[in-house]
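Enquirer: The following comprises the amino acid sequence and a computationally predicted model.
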Amino acid sequence: MVQKEGRLVETIFHNEENGYRVCIMECEDEVLTLVGTLPGLNTGDRIRVTGKMKVHKRYGEQLQADTYEPLLPTSMDGIIEYLGSGLLPGVGEKMARRLTDAFSTDVFEVLEHAPERLQEVKGIGKRTWPKIAQAFKEQNALRSFIVWMGQKGIDARLSLKLYQAFGETAKDLLLENPYQLLEVLPEIGFHRMDTLARNLGMKPEDPRRVESGLMALLQGSQQEGHTCLPQEDLLEKGCDTLQVGESALLEAFQSLALDMQLQLTQLEDGTTMVYAMNAYNAETQVAKTLTAMACSEPLAQPQNLLQRLEALQREQNLTLAQAQVEGVQAAFAHRLLVITGGPGTGKTTLINTLIGVLEQEGLSYLLGAPTGRAAKRMTETSRREAKTLHRMLEVAYSEDEKKHFFNRDEDNPVEVDFVIVDEVSMVDIFMMHHLLQAIGPGTALVMTGDADQLPSVGPGSVLKDMAQSGLVPVIRLTEIFRQAQESHIVVNAHRINAGDEPLLNTKDKDFFFMAEQYPDNALNTLKALILERLPQFKGFDPHKDIQVLTPTKKGITGTRQLNTYLQGVMNPSDDDKAEHPYGDQTIREGDRVMQIRNNYSLEWRRATPSGIGEEDQGRGVFNGDLGRVEAISKQQETLTVLFDDDRLVDYHFAILDELEPAYAITVHKSQGSEFPVVIIPLFTAPWVLMTRNLLYTAITRARVLVVLIGNRAVLHKMIQNNRIQFRHSGLCRRLKQVAEFHATPNEDTK
């Protein structure tokens, strides 16, 4: 670490949203390029900076600022330059000299404590002095807040975020209760806020800290897939994480329950489950609605349905399996139906046949899927428009309340006879809650998915819970169709799912294993595959057709290092490509990227207007959406991404943390997507990740070709590792209780 003191003489780049700045700093004996989050500064300011000297491959040596302290100038020349820099409205060099002539070096004292005295200076009247005083006050308040926060060990980026959200009240709110600010800025996270709170003197067992910590643990468990946690587990985790006694946690449980922030539910065996209230309400409403739908009267069944199905098969030259016929019948026999099966078992054919019957009957329907890529694939296979669930439910964003909502709900349900949703394994408890809210009493719901794939990224195991409940009617497709049997992707997916070794490297097939003992060597193999062998093999486009899927983020073959390597291989730096440094990486035109969190306020527009049936513009970009960087504008500080060859979205540089490189993505992030070619590196990683159903999910993402690169022993161990990560959820239990007491409980139709 080095410390430098000097004056900012030039700003090369400045992002007002996040305070990031590239500037020239003139010190006593040298001139430096200074980079970092440096809000509240202006050309001419004196600052003291602590940071590290680094060498940028393009821009040379730079001082990367970690902390800084603004220093008001003390010399007369410095004060004149500072005041005349444009910081204050109506004050240029000439007015700055008048101010120093009038007040000498006491000018800052006057500006801060007696600004009405500015009227003593010629050219400053009763209308202008308040504007000058207010501008100085705002600048000084921000600078003072950043300095104060720096003394508490908090970096300037977080300080700016807090000040932008709460203004001059930020310090008072922090002193009152730092954790309350997480309600407005949850992205800060409990641990960073806890560091600040402890630096402000908050005691470990302060009830405000313990309650906030418990809620953070519950929210964190949702990110791990749980809708609730056993109280004993949460107590143990809370004691360990917060370093407090059990009594403090029990008091926090009681206080939060009385305040309706969490729900305690006791099971028959005496176990107490703890829910954050949002998850409890969602799970409760999902259970109630599914029960009501499962127990309600279905729509009228078409006459001569079996004869119609026979006619459809003749017209379309296809043969339905018995389970598929039963699936179409079940769609009319129940208001609620789940269809599940692995690849090649005919889910798509069943749904397309059902659509054909609906159209013959003149019945209305909507097709939907959780993600843009899944909806696009459903559109391609059905040749009918499929929407994302967000679009189907008409997601909107309130600028006033800064939050999203759905226009379709119980008061304004979708007005169709059938809603058909694909890839339901990806639907978490919150999205299912919103979907069921929008299903009116005259609408039937048909859901398809593969229950053996990884569960949703969000909390809950909705598809698996419904399928195992005994209450929701289920059609299970198990027969692999003859055409699908020709594909080793399909055959090996089922073999692996059954715990058997896959068939490898059969001539003229679509599933290959390339043995490689060491991950370092695998990088060269990966490069050759993407740039040479696969394009030469069947003309695959490296940028459009080939996707690397990996089980982990860390390590040589984890997403972080792979993306850096693959960017250099597939999209190297070029004078013709604009690029922008962000954090420890550089993003450039042509890069493949992924949105990593839901952003309901981002606006999109069609790359090519679609005409009838689809909006040409809207709001909302969602976790898992894949795209390509089309353009970077340094002048406008924006980056434009084309998602799914369809929607253009402009990102301000301030929110680039919502994007990640996507040359390699985790298997979890690939759910709902399908790629022509999938390459999967298999090397030693934490065995909690290296599971059979993760490998199964990765393989089923490929449409044309799968290539595994790695250690055969790792492949074998993954197939044997049938560990399925348990998720705490009450949905299946609730539905089973209804099924047990129902007079004629529904059983699986197949």
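Expert: That came in fine, so what should we check first? Numbers count the residues shown, from 1 in each chain.
Enquirer: can you give me the helices for the stretch 1-150 of the chain?
Expert: 76-83, 93-103, 107-113, 129-151 (DSSP state H, counting those that start in this stretch).
Enquirer: Now mean pLDDT, mean neighbour count and distance to S398 too, for the ones you listed, in CSV please.
Expert: Bear in mind the C-beta positions are built from the backbone N, C-alpha and C, glycine included. Output for the helices of the stretch 1-150 of the chain, formatted as CSV (pLDDT from 0 to 100; neighbours: other C-beta atoms under 10 Å; distance: least, C-beta to C-beta, whole Å):
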stretch, mean pLDDT, mean neighbour count, distance to S398
helix 76-83, 80, 19, 42
helix 93-103, 91, 17, 44
helix 107-113, 87, 17, 39
helix 129-151, 80, 18, 28
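Enquirer: Same list, these, but as a markdown table with distance to L264 please.
Expert: Converted to a markdown table, the helices of the stretch 1-150 of the chain look like this (distance: least, C-beta to C-beta, whole Å):
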| stretch | distance to L264 |
| --- | --- |
| helix 76-83 | 59 |
| helix 93-103 | 64 |
| helix 107-113 | 52 |
| helix 129-151 | 37 |
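Enquirer: now for those, which one comes closest to S425?
Expert: helix 129-151 (44.1 Å; C-beta to C-beta).
Enquirer: Determine the angle, from 0 to 180 degrees, between the closest one and helix 93-103.
Expert: Interaxial angle, helix 129-151 versus helix 93-103 (axes from the mean of the first three to the mean of the last three C-alpha atoms, to 10 degrees): 80 degrees.
Enquirer: what's the offset of helix 129-151 from the middle of its chain?
Expert: Its chain's C-alpha centre and that of helix 129-151 lie 35 Å apart, by C-alpha atoms, centre = their mean, to the nearest Å.
Enquirer: Check which element follows that helix along the chain.
Expert: Once the chain leaves helix 129-151, the next helix or strand it forms, by DSSP states H and E, is helix 156-166.
Enquirer: State the next helix or strand along the chain beyond that following helix.
Expert: helix 170-176.
Enquirer: what are the ranges of the strands in the stretch 151-300 of the chain?
Expert: 229-230, 262-266, 272-276 (DSSP state E, counting those that start in this stretch).
Enquirer: Adding mean pLDDT and distance to P186, write these out as TSV.
Expert: Listed next are the strands of the stretch 151-300 of the chain as TSV, based on pLDDT from 0 to 100; distance: least, C-beta to C-beta, whole Å:
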stretch	mean pLDDT	distance to P186
strand 229-230	96	19
strand 262-266	93	16
strand 272-276	95	12
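Enquirer: what would the ones you listed look like in a markdown table with mean neighbour count and distance to L566?
Expert: Converted to a markdown table, those look like this (neighbours: other C-beta atoms under 10 Å; distance: least, C-beta to C-beta, whole Å):
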| stretch | mean neighbour count | distance to L566 |
| --- | --- | --- |
| strand 229-230 | 18 | 38 |
| strand 262-266 | 16 | 43 |
| strand 272-276 | 22 | 38 |
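Enquirer: And these: which comes nearest I724?
Expert: Ranking these by distance to I724, with C-beta to C-beta as the measure, places strand 229-230 first at 18.1 Å.
Enquirer: unless I'm mixing things up, T353 is touching Q329, no?
Expert: No. Taking contacts as C-beta atoms under 8 Å, T353 lies outside contact range of Q329: 11.0 Å.
Enquirer: tell me, what's touching the two both at once?
Expert: Shared contacts of T353 and Q329 (C-beta atoms under 8 Å, 6 or more residues apart in numbering): none.
Enquirer: which of the two has more neighbours?
Expert: T353 (23 against 18; other C-beta atoms under 10 Å).
Enquirer: Would you agree F430 is in contact with N281?
Expert: No. F430 lies out of contact with N281 (C-beta under 8 Å); the separation is 9.8 Å.
Enquirer: Could you tell me how far stretch 667-675 lies from the centre of the chain?
Expert: On C-alpha atoms, centre = their mean, the centre of stretch 667-675 falls 14 Å from that of its chain.
Enquirer: repeat for stretch 119-133
Expert: Per C-alpha atoms, centre = their mean, the centroid offset for stretch 119-133 relative to its chain is 50 Å.
Enquirer: Would you indicate which residues of stretch 678-691 are buried?
Expert: For stretch 678-691, the neighbour count (16 or more other C-beta atoms under 10 Å) marks 678-683, 685, 689-691 as buried.
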